[in-house]
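Q: Fold the following, please.
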Amino acid sequence: MNDSSPAAASRSRVDVPADARDVGGDFAHSRIIEVRFADTDAMGHVNNASYLTYAEIARAAYYERATGEQMHLGVHGALEGMILAELRMTYRNPTFFGEFVTVETRIERIGRTSFSMMHRLSAPESRYGSARLIAIADSVLVSYDYTAERPIPVPPALVAAIEAFEGHRLRD
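A: Next up is the predicted model:
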């Protein structure tokens, strides 16, 4: 399924029942992902590792939408890019084969060599139950020089693209 429209035009906040464990605010980007049978485990629900893949899909889609370019990878001759330094996933409710998960994404802050990203995963009402918060995840991405194998400052063009997409200043 397709991403939402640009953040300047529309921000996202999927409506689910109140949950004190949820994160507040809206999100600059959302990506809908269909749960595949292969994403489930022996218990019949989505395996915890699949949620990391959902966050990865949303992270790459966010980058492409915000910058107009594909995410630079440390392969195929790229000299610089981003690496995932940290990711914390907090699970709230299960998801099942055939459901759709909406992954909402925003950048929380931009530092000198890194930035933090927040994801909110939710599922709409389905045969498995009412709309619900599935998980929240926060991560740290580091701008990286693959040749020197070290962090580098977040490129000014990337900072400008993210801040324009988010609609406000994020640089520390």
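Q: Give the bridge partners for residue 84, please.
A: When assigned by DSSP bridges, residue 84 has beta-bridge partners residue 141.
Q: residues near it, how many?
A: 14 (other Cβ atoms under 10 Å). No exception for glycine: its C-beta is placed from N, CA and C like everyone else's.
Q: List the buried residues of stretch 112-120.
A: Within stretch 112-120, the residues that count as buried by 16 or more other Cβ atoms under 10 Å are 114-120.
Q: Now do the helices in the protein.
A: For the chain, the helices defined by DSSP state H cover 48-67, 156-166.
Q: And for the protein, the residue most distant from the center?
A: For the chain, the C-alpha farthest from the mean C-alpha position belongs to residue 148; by Cα atoms, centre = their mean, that distance is 27.3 Å.
Q: quick one: it from residue 107, how far?
A: As judged by Cβ to Cβ, to the nearest Å, residue 148 and residue 107 stand 25 Å apart.
Q: can you check residue 169 too?
A: For residue 169, the distance to residue 107 - Cβ to Cβ - is 11 Å.
Q: Looking at these two, which one has more neighbours?
A: residue 107 (21 against 10).
Q: Perfect, I'm done here.
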